[in-house]
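Student: Pasted the sequence and its predicted model underneath.
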Amino acid sequence: MSELVLAADPADLARKVALRTARELELAIRARDWGFVALPGGSFARAIFEDLVELSLQWEKVEFFFTDECSVPPGHPASHFGAAQLILLKNLRIGPHQIHRIEAESLDVELAAERYAEELPDEGFDVMLFELGLDGHIASIHPGSAAFEETERPLVPVEVAHKPKRRVTMTPAALATARATIVYAYGRDKAAIVERALHGPVDPVACPAQLLRDGAWFVDRAAAPARS
């Protein structure tokens, strides 16, 4: 059963997602003195990072990963790592050894995916964040993605329809390791896909966000499904 959290507007949405992320990490730190988070891409992630950085958390006890990455250098505007580095990861309490970047700009993206897989936490993730796409995609798992053909590897190279087309993404197998998942969406144009993801016929290949149907869903009122 999914958990649906309603926000008043996008600003409230970012704040609520940041607070829940921090709470999940605090629980992990209390349990084992360390926490693991997988950060999302997308423009809205910046708002979440801005709220996260203001929260009181033992940042020196958190390791940061990414759910996916575009095949661009870290300084490129489309780099998920680059966005996080500019806002959240510049925190002086976060050391370089705590940050795990997908080197998706590599000419050998298969090797980049393999190397990143070796860095993933054996314990699984304490929390993973995802922005819901208009087509129901999460991370870079789009409808009909080749990632669905992978049952063991946690990361694979993929191509998507829009630029940057080449990506490296976590697979459904990796998503299944998470103790907590957060999917967020905002705006009236997302209402139909939120409804489909949460209440439509189960077909994750056609609507990848259904992989996370049982997680926590944060939406603003404009994106809220009819049954909320």
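Tutor: Sure, I can see it.
Student: where do the strands sit along this protein?
Tutor: All strands of the chain, identified by DSSP state E, fall at 3-7, 35-39, 62-66, 68-70, 127-131, 155-159, 166-170, 181-185, 216-220.
Student: Can you list the low-confidence ranges for this protein?
Tutor: Using pLDDT under 70 as the threshold, the predicted model of the chain has low-confidence ranges 1, 227-228.
Student: let's go with 90 and repeat that
Tutor: 1-2, 151-152, 161-163, 225-228 (pLDDT under 90).
Student: Can you check which helix is longest in the chain?
Tutor: Taking DSSP state H as the criterion, the chain has its longest helix at helix 10-32.
Student: Now it: buried residues?
Tutor: Of the residues in helix 10-32, those with enough neighbours to count as buried (16 or more other CB atoms under 10 Å) are 10, 13-18, 20-22, 24-26, 28-29. Bear in mind the C-beta positions are built from the backbone N, C-alpha and C, glycine included.
Student: Please state the offset of it from the chain centre?
Tutor: 13 Å (CA atoms, centre = their mean, to the nearest Å).
Student: for that helix, packing partners?
Tutor: If contacts are counted by 3 or more CB pairs under 8 Å, 6 or more residues apart in numbering; DSSP states H and E, helix 10-32 sits against strand 3-7, strand 35-39, helix 45-52, strand 127-131, strand 181-185, strand 216-220.
Student: quick one, that helix and strand 35-39 angle?
Tutor: Direction vectors for helix 10-32 and strand 35-39, defined by axes from the mean of the first three to the mean of the last three CA atoms, to 10 degrees, enclose an angle of 150 degrees.
Student: Alpha carbons of helix 10-32, as CSV, please.
Tutor: Output in CSV follows, covering the C-alpha atoms of helix 10-32 (Å, rounded to 0.1, in the frame of the first residue of the first chain):
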residue,chain,number,x,y,z
PRO,A,10,5.9,23.1,-5.2
ALA,A,11,7.7,24.9,-2.4
ASP,A,12,5.9,22.9,0.2
LEU,A,13,6.5,19.8,-1.8
ALA,A,14,10.3,20.3,-1.8
ARG,A,15,10.3,21.0,1.9
LYS,A,16,8.2,17.8,2.7
VAL,A,17,10.5,15.6,0.5
ALA,A,18,13.6,17.0,2.2
LEU,A,19,12.2,16.5,5.7
ARG,A,20,11.2,12.9,4.9
THR,A,21,14.6,12.2,3.4
ALA,A,22,16.4,13.5,6.4
ARG,A,23,14.1,11.5,8.7
GLU,A,24,14.9,8.2,6.9
LEU,A,25,18.6,9.0,7.1
GLU,A,26,18.4,9.8,10.8
LEU,A,27,16.7,6.4,11.4
ALA,A,28,19.6,4.7,9.5
ILE,A,29,22.3,6.6,11.5
ARG,A,30,20.7,5.7,14.8
ALA,A,31,20.5,2.0,13.7
ARG,A,32,24.0,1.6,12.3
